[in-house]
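Colleague: Here you go, sequence then predicted model.
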Amino acid sequence: MSYLLSENFYNLRQFPSHSLTATAALSGYEVHRVANARRHTRNYYTPSAVGAADLDIACDRVRAADMLVLDRNSNLGGETIRIWASNQSNFTTYDEFTFTVPTTTYAGNYASEGHPVRTDEGAILYRFAETSAKYWRVRIDAMASGARQRVGGLWLGKSWHPEITVLPFDDEGRWIEQPTARRGSPSGYVQVGRQSQAQIMLRDEAEWSEARWYIHQLFWKGHTMWYLPELEYAERSWLAYAPAGDYTAAQIAGRRGRDLTLSMVEYQQVLL
Amino acid sequence: MSDLLFLAGGESVERYGTVVWKQSTAQDNAATFTRSGTVGTYIGGSGYLLNTDADIPRVQWLDRDEDGDTDTAYLNLESAHTNLVGGDNISTEWTDGGTSTTVTTGVADPANGTGAYSIVGPATVNSRRYQAVSFTASNPRVATFVVKEHTHPSSGNQVVGIYDSTAAAWRLKLDITAWSSGKPTITATTGTHIGTHYVGQGFWAVYGRTTSVTHTNTNRAQIYSNEAASAGTITVYRVNVFDTKTPLFSVLDASQALNAETWYADFVQPPCEMTVYVKGIEHGSVDSGSNAGLVHIGNAANSGARFRIDSTTSSSGYRAVHHNGTDIVTATASGTITPGQEYELRAVLSADGSVAIGQSIAGATETVVTDTTANAMPTAWANPRIYLNSRGTSDRAVALIRSVKVARGTKSMREMRSL
């Protein structure tokens, strides 16, 4: 089963009414950088002092979430991360989901609830028991003496997992760009990234109405989306964007649901 | 295209992440919810009992299939209640019944703390602890006991209930005859067992309704670690007693008051042929003999043109009601919903203004009652709003709403389930 995470409570372009705060940040490394669509190694949030770091979201209403992703440009391997979900602004009582950031990538790493997975490029993917709250906190415990947390990219939201993805599908498609060599011009470098076109058979209009939010309103409006092709191989997950083109989800004669074609290209595939 | 016009409740939370459905950013509108005060507990997705700030609706994550995962969402809306139990400390604020029970304090509780207690009873008949409660009227009253298995006596029962010490008579006696995989097996010897719900960390909330109390007598909430002369221990977190006919689903601390909750969303569909579907868990509202709204399309004052699902002091079940501002037609569902059962209601407003109501209890075959009396469709509702768990801003009850759906036209139960 595929899981798609296009929602991100930390993304104020998706949720302009959300309020994002954090433990005091070092100048130039403010908390909004965790969701500014940049994956550069110098784009991250870091606190100005050593200690636990909290990244808080006050949502505009109660919202459910079940997945968190920490991008590759973070330094949190081996550290403890806590997700708090509360309906009290001061977090007096809260749901807590805790994990240690893995430092090793494994083949066939099943992303069960509560089990963090390190992807091939070093992002951390974590599914947890779905819950709902108005206030969310990602707390990173204090690191070893002298070290401050670096949170490169952070996604927290509710994933969407359509029931039927038509087989065969390739979760590991690649694209390669080779520069054309010209006399007197310096040679370029080969670019390679992942791409996929997932064919999803939506069961009925009810599933389509969900897709309208997660895909139409988010992914197809230019927001990035974490693509987990198969739970059993979660290490292959990658960050996608919708390339230029036309998008439809046509109703198909002879069956109730629509066919949704998801074209995805890897976003900023090269770590700079 | 789908005929769905509105969707809210726990199912919406699981599908769209919000209590009210949305399919676009522009549609991401909040419903209006008010509850004054900071008292309002709910079971979170991690399985712990948590609290809410004022004006934040509570989504209860329940373990309906009892597999240990609190993974099914319900919107919980409740009327005002005050806990008549004045002390939570079983050790210092509850009285031993003359049987030399001891109390272990600092026991892990469902709120991720250590605020539970274990009543340790010796091999003495009727080993118990109790606390006096005062009612204001001689009517059936309700109580909630949040308990956990410890050591069931080798013979006899453990007991929770309400006892009239003046009359030396039980008003509510719920015998815990056994524990099955940590869940208490309840037999109501006196009064009514309303239901048992898992609240996390091994604790179960046991709900009961008394026979009519004599409020001028001395009444007690009582917990027996063992009724027979066989030692037993029972773990207790909270006891709630209410001066009402329907208990809260949520749990209060001693003397706490939950203020009334009002929930409504905009409903812009004008009067037309439509179907309103509700799926929820019955918590005693329909047989409480009180006026209670479940879904109400109309204004806050419950006047003018309106369409609703409710129960009343005299109705034998949930009703579909269409009032066009002048005349009223109703259809009352047949069949008794036992508290704790999951129900589905399908209220139909036909093109001629007549109504019908279908009811399915615990997934059984739907039974339908139709009132064919026509009632001219109004041109507009008294107010384009949909209220849940009330009739306007009155007549609230206790609701656990899995799903409220409104669809265009007359739809079958199967069609409404699939929307």
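Modeller: Looks like it arrived, so ask away. Residues are numbered from 1 along each chain as shown, chains lettered A, B, ... in the order given.

Colleague: what's the pLDDT at the one residue in the stretch 101-250 of chain B that gets nearest to chain A?
Modeller: Residue nearest to chain A within the stretch 101-250 of chain B: B:A111 (6.8 Å; CB to the nearest CB). (Each C-beta comes from the backbone N, C-alpha and C, glycine too.) pLDDT recorded at B:A111 is 94.

Colleague: Quick check: bridge partners of the closest residue to it other than its chain neighbours?
Modeller: Distance criterion CB to CB, 6 or more residues apart in numbering or on different chains; nearest residue to B:A111, sequence neighbours excluded, is B:L49 at 4.3 Å. Listed beta-bridge partners, B:L49: B:I43 (assigned using DSSP bridges).

Colleague: How confident was the prediction at B:L49?
Modeller: So, for B:L49, pLDDT stands at 94.

Colleague: Might one say that it is in contact with B:A108?
Modeller: No: taking contacts as CB atoms under 8 Å, B:L49 lies outside contact range of B:A108: 12.0 Å.

Colleague: helix, strand or coil for A:H40?
Modeller: coil (DSSP: H, G, I helix; E, B strand; the rest coil).

Colleague: what are the phi and psi angles of it?
Modeller: Dihedral angles of A:H40 (phi, psi; degrees, to the nearest 10) stand at phi -70, psi 150.

Colleague: Would you agree it is in contact with A:R72?
Modeller: No: contact criterion CB under 8 Å: A:H40 and A:R72 do not qualify, at 10.7 Å.

Colleague: the more surrounded of these two?
Modeller: The neighbour comparison of A:H40 against A:R72 (other CB atoms under 10 Å in any protein chain shown) goes to A:R72, with 17 against 13.

Colleague: Can you tell me the SS state at that one?
Modeller: The three-state label given to A:R72 by three-state DSSP is coil.

Colleague: next one: B:V13
Modeller: Classification of B:V13 using three-state DSSP returns helix.

Colleague: I figured it was touching B:A73, is that so?
Modeller: Yes: at 4.4 Å, B:V13 counts as touching B:A73 under the criterion of CB under 8 Å.

Colleague: what's the overlap in contacts for the two?
Modeller: Residues touching both B:V13 and B:A73 (CB atoms under 8 Å, 6 or more residues apart in numbering or on different chains) are A:64, A:132, B:59.

Colleague: Read off the pLDDT value for the second one.
Modeller: Put plainly, it is A:S132. A:S132 carries a pLDDT score of 97 in this model.

Colleague: can you check the first one too?
Modeller: Note for A:A64: predicted pLDDT of 97.

Colleague: and the gap between it and B:G280?
Modeller: 19 Å (CB to CB, to the nearest Å).

Colleague: Could you check which helix or strand contains B:S118?
Modeller: strand B:116-121 (DSSP states H and E).

Colleague: what sits against whichever residue of the stretch 101-250 of chain A sits closest to chain B?
Modeller: Nearest to chain B in the stretch 101-250 of chain A, going by CB to the nearest CB, is A:T131, at a distance of 2.5 Å. By CB under 8 Å, 6+ apart, A:T131 lies in contact with A:64-66, A:85, A:95, B:44-46, B:61.

Colleague: what about A:G77, neighbour count?
Modeller: 13.

Colleague: repeat for B:T189
Modeller: Applying other CB under 10 Å, we find 14 other residues in the vicinity of B:T189.

Colleague: doesn't B:L172 make contact with it?
Modeller: No: using CB under 8 Å, B:T189 is not in contact with B:L172, being 9.1 Å away.

Colleague: ok now do the residue of chain B most remote from its centre, which residues does it touch?
Modeller: Most distant from the centre of chain B: B:A123, at 36.4 Å, with distances by CA atoms, centre = their mean. Neighbour list for B:A123: B:226, B:229-231 [criterion: CB under 8 Å, 6+ apart].

Colleague: Now do the same contact list for residue 142.
Modeller: No chain in the question, so chain A it is. Contacts for A:A142 were tallied using CB under 8 Å, 6+ apart; they are A:50-52.

Colleague: ah, I was thinking of chain B
Modeller: Neighbouring residues of B:V142 by CB under 8 Å, 6+ apart: B:194, B:207-210, B:241-242, B:244-247, B:284.

Colleague: Let's verify residue 162: helix, strand, or coil?
Modeller: Let's take chain A. coil.

Colleague: Run a quick neighbour tally on it.
Modeller: 23.

Colleague: Tell me where the chain has helices.
Modeller: Defaulting to chain A. For chain A, helices defined by DSSP state H occupy the ranges A:205-211.

Colleague: wrong one, I was asking about chain B
Modeller: B:10-16, B:413-418.

Colleague: Compare the ones you listed and give me the one nearest chain A.
Modeller: The nearest among the helices of chain B, by CB to the nearest CB, is helix B:10-16 at 5.1 Å.

Colleague: roughly how far out does that closest one sit from the chain middle?
Modeller: Offset of helix B:10-16 from its chain centre (CA atoms, centre = their mean, to the nearest Å): 20 Å.

Colleague: How about the contacts made by A:H223?
Modeller: When contacts are counted by CB under 8 Å, 6+ apart, A:H223 touches A:6, A:8, A:11, A:13-14, A:241.

Colleague: B:S230 too?
Modeller: B:123, B:153-156.

Colleague: Up against chain B, what does chain A have?
Modeller: Proximity of chain A to chain B, by CB under 8 Å from any CB of the partner chain, involves residues A:7, A:14, A:60-65, A:85-89, A:92-97, A:128-134, A:157-158, A:204-206, A:208-210, A:212-213, A:216-217.

Colleague: 7 Å - rerun?
Modeller: The interface of chain A toward chain B, taken as CB under 7 Å from any CB of the partner chain, is made up of A:7, A:60-64, A:85, A:87-89, A:92-97, A:129-132, A:134, A:158, A:204-206, A:209-210, A:212-213, A:217.

Colleague: if you look at the residues you listed, which of them are in strands?
Modeller: Of these, the ones assigned to strands by DSSP state E are A:60-64, A:85, A:95-97, A:129-132, A:134.

Colleague: Which members of those are classed as buried?
Modeller: Taking 16 or more other CB atoms under 10 Å in any protein chain shown as the criterion, what is buried in these is A:61-64, A:85, A:95-97, A:129-132, A:134.
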